[in-house]
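**Student:** 3D model of this:
(chains A and B)
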Amino acid sequence: MISPRQQFADTMLAIGQADPDLVVVVGDISHGILKPFAAACPGRYFNIGILEATMMSMGAGMAAVGLYPVLHTIAPFMLERAFEQIKLDFCYHRLHGNIVTQGSAFDYSNLGCTHHCYGDFALLKTLQGCEICFPASAVEFDRLFRQAYRNDQLTVYRLAGYDHEVALAPGDIEFGKAVKVAEGADVTLVATGPMLKVAMLARERLAANGCSVEVVYVHTIRPLDVDMIRDSVAKTRNVVVVEEHMRSGGLGDDVLRAVYATPGLRFHSVSIPDKFVTGYGSYQDLCESCGLTPEAIVSAVAAWDI
Amino acid sequence: MNHNNSLINKELRRQIVDMVVAGEDGHIPSAFSILDIITLLYREVLKFDAGNPQWQDRDYFILSKGHGCLALYANLHRHGFITDKDIAQFCKKGGILGEHPDRTKIPGVEASTGSLGHGLSFATGIALGLRIRGRNNRLFVLVGDGECHEGTVWEAANVARNQRLGNLCAFVDWNQSAMQLLPHDDMPAKWAAFGWNVQIIDGHSENEIRRAIAQVQFHGDGIPSVIVAKTVKGKGVPLIEGHGIWHHRIPDASEYATIMEALT
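**Tutor:** As a prediction, this is how the structure comes out:
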């Protein structure tokens, strides 16, 4: 299985050979896997240095002369340190571009809070002209990038460190559209990123208890496919949102805003609590310590006594 | 030494004061500090087409210290980018001119600045992008000396030198604002340490500004240049020269008369 990160490098190579306007700028990461791009696209690959704020402004400057920049380094350094550059130089200027972040949420589990980034949806949603997606399989990154990289928006691709391991048909992956992964009648699980795997495990366990669960997978956080979510929740009236993001400002908030008027609605968020994740261990360890588990979903649904 | 006896620059200074009085807002001394540089750029140096501000072969000018925008506005008006009506609506509802230049509203403005430390980095991206495009446009960026407190200025200086962006020429408005807070401020030595070609001039002398720009090679694969311009905040009007209350002050009727007399 190709990781989303390797697919990023492969997609850059494939598109870069065909599109002379694609420029890749990295902040001293991924230079190994991007060597084929650098060799095939001379003069359009820059390992620019460890200076994320200027990297962002430079990307906007490149966009101003009609290029399609792809900026890539570790998530918090780009999105949090350089937030004002993203806000002003890209978004206020209405300039297009692409930010591909490495290390979603707490993928860098042992590196601590300096390398975690689980408030990014909340931050980026304050920006007009900014799209957000969270590809958690290779095929998703490839499809979403090809569909969005030349549009007139700034698009942020939050590369997942772990695959959700659900086979999606390439033709079903459309930027801005959710994917109905499983049909059901009693509960809607809305999952993003690797949490799709957790949602599918919870679905199995709930099915054993006689509960029919529909799973809606969201790879594009902005623009959000509110129609599919509303249609599903109108049917089930019970929704659990599962995400590797802080509770505040995450996908859950947007889903709740979309469906709050549903009669008899019950809503639950399985997400990272609104505090720093300070522990160490594996990615899986941190998921468990934050309650991002099938058991948490099953328990929340069980409390509804469906 | 020519100490700003240009009639044009006096006229533009009067226009700036009138805009501030009418708009009831604005930074006069910051604009006067850089006016002589910007005026000479637009009169003699920059290639532009006011009727087609996005002309592909233009030179780029980015005012990174956005609060000096009145000096830019006066020149954009003089050269036909913006209208009498635009000037009259400075800081008015419905106008396009505010206290910082806005790329999304004003013809001829390349970057929306105001938050310090963005312009040189943005320009560095443009310069690199132009080179990727195989184009040879020149870029001029004007930064403030206080702005040079911002780390991003030096990030950009580092990248521009290492990427050999020789089409980039920065001006530093070295009017000693920075020194008030951080007194160890050897501006030329800092830029030299980053490997830039450095010139030091009187930023109010047309001859020195002209000569310095003529020395810049603008070689697309060369060393970027910086012209460190010794300037005076509020230059041209003794009442407001220097640092203090005039940074962001609107003259009253008596002060207005004194200022205009100095600019006659």
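
**Student:** for burial, what's the neighbour tally of the closest residue to chain B within chain A?
**Tutor:** Scanning chain A for proximity to chain B using C-beta to the nearest C-beta identifies A:Gly61 as nearest, at 2.3 Å. Where C-beta positions appear, they are placed from N, C-alpha and C, glycine not excepted. For A:Gly61, the neighbour count with other C-beta atoms under 10 Å in any protein chain shown is 32.

**Student:** my read: A:Gln17 touches A:Ala40, true?
**Tutor:** Yes. A:Gln17 lies in contact with A:Ala40 (C-beta atoms under 8 Å); the separation is 5.4 Å.

**Student:** what's near enough to touch the residue nearest in space to the middle of chain A?
**Tutor:** Taking C-alpha atoms, centre = their mean, the centroid of chain A lies closest to A:Phe134, which sits 1.9 Å from it. Taking C-beta atoms under 8 Å, 6 or more residues apart in numbering or on different chains, we find A:Phe134 in contact with A:Ser104, A:Tyr157, A:Arg158, A:Ala160, A:Thr192, A:Gly193, A:Val218, A:His219, A:Thr220, A:Ile221.

**Student:** would you report the backbone torsion angles of it?
**Tutor:** Here is the backbone geometry of A:Phe134 (degrees, to the nearest 10): phi -140, psi 80.

**Student:** and the contacts of A:Phe134 near chain B, which?
**Tutor:** For chain B, no contacts are drawn from the contacts of A:Phe134 by C-beta under 8 Å from any C-beta of the partner chain.

**Student:** could you redo those as CSV and give each row distance to B:Ala111?
**Tutor:** Converted to CSV, those look like this (distance: C-beta to C-beta, whole Å):
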residue, distance to B:Ala111
A:Ser104, 31
A:Tyr157, 26
A:Arg158, 28
A:Ala160, 34
A:Thr192, 35
A:Gly193, 35
A:Val218, 35
A:His219, 34
A:Thr220, 30
A:Ile221, 29
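
**Student:** strands - which of the residues you listed land there?
**Tutor:** Residues of the contacts of A:Phe134 located in strands (DSSP state E): A:Tyr157, A:Arg158, A:Thr220, A:Ile221.

**Student:** helix or strand: which one has the residue nearest to the first one when sequence neighbours are not counted?
**Tutor:** Excluding the flanking residues, the one nearest A:Tyr157 by C-beta to C-beta, 6 or more residues apart in numbering or on different chains is A:Val100, at 4.6 Å. Under the criterion DSSP states H and E, the helix or strand holding A:Val100 is strand A:97-102.

**Student:** buried by neighbour count: which residues of that strand qualify?
**Tutor:** By 16 or more other C-beta atoms under 10 Å in any protein chain shown, the buried positions in strand A:97-102 come out as A:Gly97, A:Asn98, A:Ile99, A:Val100, A:Thr101, A:Gln102.

**Student:** wait, isn't the fifth one in contact with A:Val156?
**Tutor:** Right, the one you point to is A:Thr101. Yes. Under the criterion of C-beta under 8 Å, A:Thr101 makes contact with A:Val156 at 6.7 Å.

**Student:** which pLDDT value goes with the residue of chain A closest to chain B?
**Tutor:** The model reports A:Gly61 with a pLDDT of 98.

**Student:** so what's the residue count around the residue in chain B that chain A sits nearest to?
**Tutor:** Per C-beta to the nearest C-beta, the residue of chain B with the smallest distance to chain A is B:Gly125, at 2.3 Å. Using other C-beta under 10 Å, B:Gly125 is surrounded by 31 other residues.

**Student:** which non-adjacent residue is nearest it?
**Tutor:** In space, B:Gly125 is closest to A:Gly61, 2.3 Å off (C-beta to C-beta, 6+ apart).

**Student:** name the SS class of that neighbour, please.
**Tutor:** helix (DSSP: H, G, I helix; E, B strand; the rest coil).

**Student:** tell me who's in contact with it.
**Tutor:** Counting by C-beta under 8 Å, 6+ apart, A:Gly61 touches A:Asp89, B:Ser121, B:Phe122, B:Ala123, B:Thr124, B:Gly125, B:Ile126, B:Ala127, B:Leu128, B:Gly129.

**Student:** mind checking the end-to-end distance for stretch A:227-246?
**Tutor:** In stretch A:227-246, first residue to last residue: 24 Å (C-alpha to C-alpha, to the nearest Å).

**Student:** any weak-confidence spans in the stretch 101-250 of chain A?
**Tutor:** Across the stretch 101-250 of chain A, nothing is flagged by pLDDT under 70.

**Student:** of the contacts of A:Gly61 - the most surrounded one?
**Tutor:** Among those, B:Phe122 has the most neighbours (other C-beta under 10 Å), with 34 neighbours.

**Student:** avg pLDDT for whatever helix or strand it lives in?
**Tutor:** Counting by DSSP H and E, the element that carries B:Phe122 is helix B:119-132. In this model, helix B:119-132 carries a mean pLDDT of 98.

**Student:** now it: how far from the chain's centre is it?
**Tutor:** Relative to its chain's centre, helix B:119-132 lies at 18 Å (C-alpha atoms, centre = their mean, to the nearest Å).

**Student:** what helices or strands is it leaning on?
**Tutor:** Contact here means 3 or more C-beta pairs under 8 Å, 6 or more residues apart in numbering or on different chains; DSSP states H and E; on that basis helix B:119-132 packs against helix A:52-64, strand B:60-63, strand B:139-144, helix B:151-162, strand B:168-174.

**Student:** just put these in a markdown table and tack on distance to B:Lys47.
**Tutor:** A markdown table is the format used below for the helices and strands packed on helix B:119-132 (distance: least, C-beta to C-beta, whole Å):
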| stretch | distance to B:Lys47 |
| --- | --- |
| helix A:52-64 | 17 |
| strand B:60-63 | 10 |
| strand B:139-144 | 11 |
| helix B:151-162 | 21 |
| strand B:168-174 | 14 |
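
**Student:** re the thing from before, which of the contacts of A:Gly61 sits closest to A:Pro170?
**Tutor:** Closest approach between the contacts of A:Gly61 and A:Pro170, by C-beta to C-beta: B:Gly129, at 32.3 Å.

**Student:** what about that closest one, distance to B:Leu165?
**Tutor:** For B:Gly129, the distance to B:Leu165 equals 10 Å [C-beta to C-beta, to the nearest Å].

**Student:** same check, this time on B:Thr39
**Tutor:** Per C-beta to C-beta, B:Thr39 is found 26 Å from B:Leu165.

**Student:** same deal with B:Leu41?
**Tutor:** Separation of B:Leu41 from B:Leu165 (C-beta to C-beta): 19 Å.

**Student:** so for the two, which sits in the more crowded spot?
**Tutor:** B:Leu165 (24 against 21).

**Student:** does that one really touch B:Thr124, like I thought?
**Tutor:** Yes. Using C-beta under 8 Å, B:Leu165 is in contact with B:Thr124, at 6.3 Å.

**Student:** find the residues that touch each one of these two.
**Tutor:** In terms of C-beta under 8 Å, 6+ apart, B:Leu165 and B:Thr124 are both contacted by the residues B:Val159.

**Student:** A:His245: what's it in contact with?
**Tutor:** Contacts of A:His245 (C-beta under 8 Å, 6+ apart): A:Ala105, A:Tyr118, A:Gly119, A:Asp120, A:Phe121, A:Ala122, A:Thr192, A:Leu251, A:Gly252, A:Ser271, A:Ile272.
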